[in-house]
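>>> what's the 3D shape of this:
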Amino acid sequence: MFFHLSWLRRLAGSLFLSIALLSSAPALSASEPSKDHGKTIGQTFEGEELVYDIGVWFFSNVAQGKVVLKSDGPNTYTATLTAGTSGLIDTLLRHRKDRYVSRLKMTGDGKRFVTVSFEKEVEMDGKSARKGTYKMDYDKRIVSWKSWGAGKEEKSGNVKIPEGMYVDDPIAAFYNFRFGAYGEVEHGREYDIASFPKEDRFPEIHIKVATEKELKKRTRSGIVPDYLADARIDKELFGSMNGDVEIRFTKGMLPTHAIAKGIFFFGDVKGRLKEVNLTDSSIKKASEK
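As a prediction, the model looks like this:
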């Protein structure tokens, strides 16, 4: 066989983790409205659906990612990210589909989402191949996890969440970042966001917004974005040499492009926002105001 099975798994994991992060990159609606501080984070993003085209090498549309946020009830929401390949790569990766589900609770002040649970399922050739879950219990301050499938033994564990810390999954983190839960977006500012535990530590999602001088230096040709952000996550989780992602924003925080750098085999994986849609529920609520 041309590709060894373990190599294929690593290849697929690298691509789909890239799609996951690129597809959860922050974006506002297509009209780029200014932030309405009179709205909660749930009111701001409920019903929004973002669709991304993903490209590698000289191929522009090898995969697509879609993320949507829906309300489940008072102050509770579910964000679902689905990703799938197409064409030759789809055949090579056995028609792999990834699904990430982030169940969220809005804080009482409406200023941020808190992860309640995060689930990931990998499907290949129409069958479930691998699953994993994380659950947060902030009353007991414990995060627990379990993973199974892919021919490996089931693994599980739990760890204590330090006082004063929130543990955000990547999708929750980027909704929070967009809303300003970690602070306003400014040139030269840096943000550190605690994410899922690994052994006895909590790796951080680190985001740095380039200074105006850095922005001009790095975007000398083509359309110059208003903001340029570099995000870094745990490189082993991401399947890259360094875990770096570059995201370019307009003034309204709409990302025009995102690049996951140094991904195993693929090199730079590029994402482009294709569509911003609103579900029927969000349109209905807007018409009632």
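>>> going by C-alpha atoms from here, please, whenever you check contacts or count neighbours.
OK.
>>> would you map the strands across the stretch 51-200 of the chain?
With DSSP state E, counting those that start in this stretch as the definition, the stretch 51-200 of the chain shows strands at residue ranges 59-73, 76-85, 97-106, 113-124, 127-137, 142-149, 152-160, 190-194.
>>> remind me which residues of the stretch 51-200 of the chain are low pLDDT?
Within the stretch 51-200 of the chain, the stretches with pLDDT under 70 are 89-93, 150-151.
>>> could you check how many residues crowd around the residue nearest to residue 110 when sequence neighbours are not counted?
With CA to CA, 6 or more residues apart in numbering as the criterion, residue 110 has its nearest non-adjacent residue at 4.6 Å, and that residue is residue 40. One way to gauge burial is a neighbour count; for residue 40, by other CA atoms under 10 Å, it gives 18.
>>> residue 40 against residue 111, yeah?
Yes: under the contact definition of CA atoms under 8 Å, residue 40 touches residue 111, with a separation of 6.0 Å.
>>> residues contacting residue 268?
By CA atoms under 8 Å, 6 or more residues apart in numbering, residue 268 lies in contact with 56-57, 259-262.
>>> filter these down to the buried ones.
56, 259-262 (16 or more other CA atoms under 10 Å).
>>> pipe these into a markdown table and attach distance to residue 164 and secondary structure per row.
Conversion of these to a markdown table gives the following (distance: CA to CA, whole Å; DSSP: H, G, I helix; E, B strand; the rest coil):
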| residue | distance to residue 164 | secondary structure |
| --- | --- | --- |
| 56 | 40 | strand |
| 259 | 32 | strand |
| 260 | 31 | strand |
| 261 | 32 | strand |
| 262 | 34 | strand |
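>>> closest one of these to residue 134?
Distance to residue 134, by CA to CA, is smallest for residue 260 among those, at 24.2 Å.
>>> now the closest one: closest residue in space, sequence neighbours ignored.
Beyond its immediate neighbours in the sequence, the residue positioned closest to residue 260 (CA to CA, 6+ apart) is residue 245, lying 4.3 Å away.
>>> picking that back up, okay if I get the contacts of residue 268 as TSV plus distance to residue 192?
Compiled in TSV, the contacts of residue 268 are given as follows (distance: CA to CA, whole Å):
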residue	distance to residue 192
56	28
57	31
259	20
260	18
261	20
262	22
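>>> coming back round to it: which one, of the strands of the stretch 51-200 of the chain, ends up nearest to residue 271?
Relative to residue 271, the nearest member of the strands of the stretch 51-200 of the chain by CA to CA is strand 59-73, separated by 8.9 Å.
>>> can you give me the neighbour number for residue 87?
Counted with other CA under 10 Å, the neighbours of residue 87 add up to 11.
>>> change the start of the numbering to 23 and stick with it
Sounds good: first residue 23 from here, last item residue 109.
>>> what sits against it?
Residues touching residue 109, when contacts are defined by CA under 8 Å, 6+ apart, comprise residue 84.
>>> hmm, residue 75 is touching residue 293, no?
Yes: with contacts counted by CA under 8 Å, residue 75 reaches residue 293, the gap being 5.8 Å.
>>> between the two, who's got more neighbours?
A count of neighbours by other CA under 10 Å puts residue 293 above the other of residue 75 and residue 293, at 29 against 20.
>>> could I get the full set of helices for the protein?
Secondary structure of the chain (DSSP state H): helices located at 27-45, 63-67, 109-114, 192-201, 234-240, 257-260, 302-310.
>>> now for residue 211, how many residues are close by?
A count of nearby residues for residue 211, using other CA under 10 Å, gives 14.
>>> ditto for residue 110
Residue 110, neighbours per other CA under 10 Å, totals 11.
>>> ditto for residue 118
When neighbours are defined as other CA under 10 Å, residue 118 has 23 of them.
>>> how about it: what's its closest non-neighbour residue?
Closest residue to residue 118 apart from its sequence neighbours, by CA to CA, 6+ apart: residue 146 at 4.5 Å.
>>> can you check residue 185 too?
For residue 185, the nearest residue in space outside its immediate sequence neighbours is residue 163; the separation is 7.7 Å by CA to CA, 6+ apart.
>>> need the CA coordinates for stretch 195-208. CSV is fine.
Included here for stretch 195-208 are C-alpha records, laid out as CSV according to Å, rounded to 0.1, in the frame of the first residue of the first chain:
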residue,chain,number,x,y,z
ALA,A,195,-12.3,30.4,23.3
PHE,A,196,-12.8,32.1,19.9
TYR,A,197,-16.4,33.1,20.6
ASN,A,198,-15.1,34.6,23.8
PHE,A,199,-12.2,36.3,22.0
ARG,A,200,-14.5,37.8,19.4
PHE,A,201,-16.8,39.2,22.1
GLY,A,202,-13.9,40.7,24.1
ALA,A,203,-14.2,38.4,27.1
TYR,A,204,-10.4,38.3,27.3
GLY,A,205,-10.1,42.1,26.7
GLU,A,206,-10.5,44.4,23.7
VAL,A,207,-8.5,43.6,20.6
GLU,A,208,-5.7,46.1,20.3
